[in-house]
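Asks: whatever this is, show me its structure:
(2 chains)
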There are 2 protein chains.
Amino acid sequence: MKRDMLFIDGLQYINWNRQLFEEAQQSGLNAIHVTIAYWENIRETLQNIGHWNRHFINHSDLIMPVRQAEDILEAKRLGKVGIIFGFQNCSPIEDDVKMVEILQQLGVRIMQLSYNNQSLLATGCYEQRDSGITRFGREVIAEMNRVGMIIDMSHSAEESTLQAIELSQRPIAITHANPEFFHPALRNKSDKVLHAIGESEGMIGFSLYPFHLHNGGDCTNEEFCAMIAKTADMIGIDRIGIGSDLCQNWDYSTLEWMRSGRWTTTVDHGEGSAASPSWPEQPSWFKSSKDIGNIANGLLAMGFSEQDTAKVMGENWLRFFRDSFAPASVK
Amino acid sequence: MKRDMLFIDGLQYINWNRQLFEEAQQSGLNAIHVTIAYWENIRETLQNIGHWNRHFINHSDLIMPVRQAEDILEAKRLGKVGIIFGFQNCSPIEDDVKMVEILQQLGVRIMQLSYNNQSLLATGCYEQRDSGITRFGREVIAEMNRVGMIIDMSHSAEESTLQAIELSQRPIAITHANPEFFHPALRNKSDKVLHAIGESEGMIGFSLYPFHLHNGGDCTNEEFCAMIAKTADMIGIDRIGIGSDLCQNWDYSTLEWMRSGRWTTTVDHGEGSAASPSWPEQPSWFKSSKDIGNIANGLLAMGFSEQDTAKVMGENWLRFFRDSFAPASVK
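Replies: You can find the predicted model right below:
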């Protein structure tokens, strides 16, 4: 592993504690996009942000907030992990477009327009019908463009995703998903979406969540890196990164919250099933942040140049964040 | 009027529109502490902040947000009015000490610990018994000290105010009230409180709200300036400023909200009375921001030096804000 390579993880969802921050810091990760809301309303989201503000004080030797892309380089210089706030759903803004700027002021830099289900903004990837971007959704996209908040369509449906790419004045991201050609799952993305991301200078982060992988937890590093190579050939080496979707230290009740929120009185197994409802087993070569270097080594072994490997492991996200986090007026 | 003198108003409560922003800008006011909450919970407060964020966009030629004291000098250079966010009550933080930092991140720089009534933090000036600063209150004072948010005791009871001065590691303010010796009102402050403010290097802003004035709306500019002179003799020329409590463009329902919030099913007339329930008539020489220069002229006529007049009109608030707005760790 190249120890001086910039490592950015485009999405993790972890029940953080000091030990896990230490692990992330020792792994060489320079920045992580962390999830701070799935179904939370704004009051609950403020509580989560308040919780993170205490993390920044209590673990200031290990982590720091990322407000601008340059903060990631500062984190690298200081040997800390930069933390980027993101939402997997638009529930925190409730029905109020003005909450976009307020949440941006509190550090939120990435928001998904929908999470599996229909939202007030867009359709989720598990709905039967995809009605595209709503009237409110158009307003929120414009506001996110203005303040500098990345539109993330990881859990959104196809037509909604294509419309978001069209409507947004700035490139959008799929922070954590894989190509459908690698593994057919509702969460993975069609060639059409991949090409649209590439042509619009957006980004896709490759996921290590077993339900997104060929052969699930048995997927090999070689298969994963071959998928990266194929996608690079399709949409360009500059449009791809890692968004591991690493989930750690949660019990089953959190998985239930992610999947079912408050929207169903029954059990929704999401990507799991009644036979196997719980957290899936990670691939042996990617069980924690410590294994991030295995991907870099896999890419080098696959024949990626050191420069291209560096792009995939972090440089592409850094460039994309630099273009995305600044308010539109001062771009 | 000295047109190059720094003018800061330590409190106004106005139903702002473009015309009133223009008036404030033309008045020569360089900064105003504006009230954005009385009884609002955090969700309602976010809505008010969102409303102000739109003001900053829609009237960017006239106003700008003040995050640090230096922004006031920048506003003066640009010929704009700097806006400082403040709460007249602690309702926005609800029961959650972590909301202090979150609201500071959104620009709030001043918060009263109680408004007339008992709050979760302190006793208000209209309660029969004053139980002082609560357990939660001590925690919030420490947190406000840490993040750089001014403790304002304008509407608090005496013992609570004296305890806040003692407990706070940083000087506190009474942004808008007058001495009791000038006019005996529950809202005005005893010699004991005035001395405690002076000795702790705090600040008091003198109010033009008729219920705080000798002879109400008939109070003369000379009487008002003589009161300022007497207070300066008592506690020092560096501890005093203006906090006009100017209220404009509100109907009676807003006065009812200020006075009765959601805490009573009957009518509370606050400083008014059943015979005269509505907004009081302002003194003829202070009806709007445009009249701010009349106070400066009154002080000069009273024999204040130009330097001392400048201190009262704005320099003292500027120095106090410079010391108060920075987070404790970087002081």
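Asks: out of everything not next to it in sequence, what's closest to A:L103?
Replies: With sequence-adjacent residues excluded and distances taken as C-beta to C-beta, 6 or more residues apart in numbering or on different chains, A:L103 is closest to A:P92, at 6.1 Å. C-betas here are computed from N, CA, C, even on glycine.
Asks: what's the end-to-end length of stretch A:178-192?
Replies: The separation between the terminal residues of stretch A:178-192, taken as C-alpha to C-alpha, to the nearest Å, is 13 Å.
Asks: contacts for it, please.
Replies: A:125-126, A:154-155, A:158, A:161-162, A:174, A:177, A:194, A:197, A:204, A:206-207, A:211-214, A:227, A:230-231, A:234, A:271 (C-beta atoms under 8 Å, 6 or more residues apart in numbering or on different chains).
Asks: could you do stretch A:62-76 as well?
Replies: By C-beta under 8 Å, 6+ apart, stretch A:62-76 touches A:6, A:8, A:18, A:21-22, A:24-25, A:30-31, A:52, A:55-56, A:78, A:80-85, A:107, A:109, A:318, A:321-322, A:325-326.
Asks: let's go with 6 Å and repeat that
Replies: Around stretch A:62-76, the neighbours that count as contacts under C-beta atoms under 6 Å, 6 or more residues apart in numbering or on different chains are A:21, A:25, A:30-31, A:56, A:80-84, A:107, A:318, A:321-322, A:325.
Asks: of these, closest to chain B?
Replies: A:G107 (7.7 Å; C-beta to the nearest C-beta).
Asks: relative to B:H214, how far out is the closest one?
Replies: 49 Å (C-beta to C-beta, to the nearest Å).
Asks: which of the two has more residues huddled nearby?
Replies: A:G107 (19 against 16; other C-beta atoms under 10 Å in any protein chain shown).
Asks: dump the residue contacts of A:A275.
Replies: Applying C-beta under 6 Å, 6+ apart to A:A275 gives no contacts.
Asks: next: A:K311.
Replies: Counted by C-beta under 6 Å, 6+ apart, A:K311 has contacts A:I237.
Asks: can you tell me the SS state at it?
Replies: Secondary structure, DSSP: H, G, I helix; E, B strand; the rest coil: A:K311 is helix.
Asks: tell me how far it lies from chain B.
Replies: 33 Å (C-beta to the nearest C-beta, to the nearest Å).
Asks: repeat for A:A185
Replies: A:A185 is 37 Å from chain B, by C-beta to the nearest C-beta.
Asks: how many other residues sit next to the nearest residue to A:Y252 once chain neighbours are set aside?
Replies: Closest residue to A:Y252 apart from its sequence neighbours, by C-beta to C-beta, 6+ apart: A:S278 at 5.5 Å. As a burial measure, A:S278 scores 11 neighbours (other C-beta under 10 Å).
Asks: pretty sure A:S278 sits in a helix.
Replies: No - counting by three-state DSSP, A:S278 is not part of a helix but coil.
Asks: ok, for the closest residue to chain B within the stretch 151-300 of chain A, nearest residue in space, not its chain neighbours?
Replies: Nearest residue of the stretch 151-300 of chain A to chain B: A:Q169, at 17.0 Å (C-beta to the nearest C-beta). Nearest residue to A:Q169, sequence neighbours excluded (C-beta to C-beta, 6+ apart): A:N145, at 4.7 Å.
Asks: residues touching the one you found, list them.
Replies: Shown in contact with A:N145 (C-beta under 6 Å, 6+ apart): A:169-170, A:328.
Asks: does it belong to a helix or a strand, and which?
Replies: Using DSSP states H and E, A:N145 sits in helix A:135-147.
Asks: so for that helix, what gets flagged as buried?
Replies: Within helix A:135-147, the residues that count as buried by 16 or more other C-beta atoms under 10 Å in any protein chain shown are A:136-138, A:140-141, A:143-147.
Asks: now do stretch A:129-143: everything it contacts.
Replies: The contact list for stretch A:129-143 (C-beta under 6 Å, 6+ apart) reads A:97, A:100, A:120-123, A:157, A:159-160, A:163-164, A:167-168.
Asks: now it: mean pLDDT?
Replies: Regarding stretch A:129-143, the rounded mean pLDDT is 98.
Asks: where do the strands sit along the stretch 201-331 of chain A?
Replies: A:203-206, A:240-242, A:246-248 (DSSP state E, counting those that start in this stretch).
Asks: need the ones you listed in JSON lines (columns: distance to A:R67 and mean pLDDT).
Replies: As requested, the strands of the stretch 201-331 of chain A are exported to JSON lines (distance: least, C-beta to C-beta, whole Å; pLDDT from 0 to 100):
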{"stretch": "strand A:203-206", "distance to A:R67": "19", "mean pLDDT": "98"}
{"stretch": "strand A:240-242", "distance to A:R67": "20", "mean pLDDT": "98"}
{"stretch": "strand A:246-248", "distance to A:R67": "23", "mean pLDDT": "95"}
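Asks: now render the ones you listed as CSV, adding mean neighbour count and distance to chain B.
Replies: Below are these laid out as CSV (neighbours: other C-beta atoms under 10 Å in any protein chain shown; distance: least, C-beta to the nearest C-beta, whole Å):
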stretch, mean neighbour count, distance to chain B
strand A:203-206, 27, 27
strand A:240-242, 27, 28
strand A:246-248, 21, 24
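Asks: any chance of these in TSV, plus distance to A:S305?
Replies: As requested, these are exported to TSV (distance: least, C-beta to C-beta, whole Å):
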stretch	distance to A:S305
strand A:203-206	18
strand A:240-242	14
strand A:246-248	26
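Asks: among those strands, which is nearest B:E223?
Replies: strand A:203-206 (67.6 Å; C-beta to C-beta).
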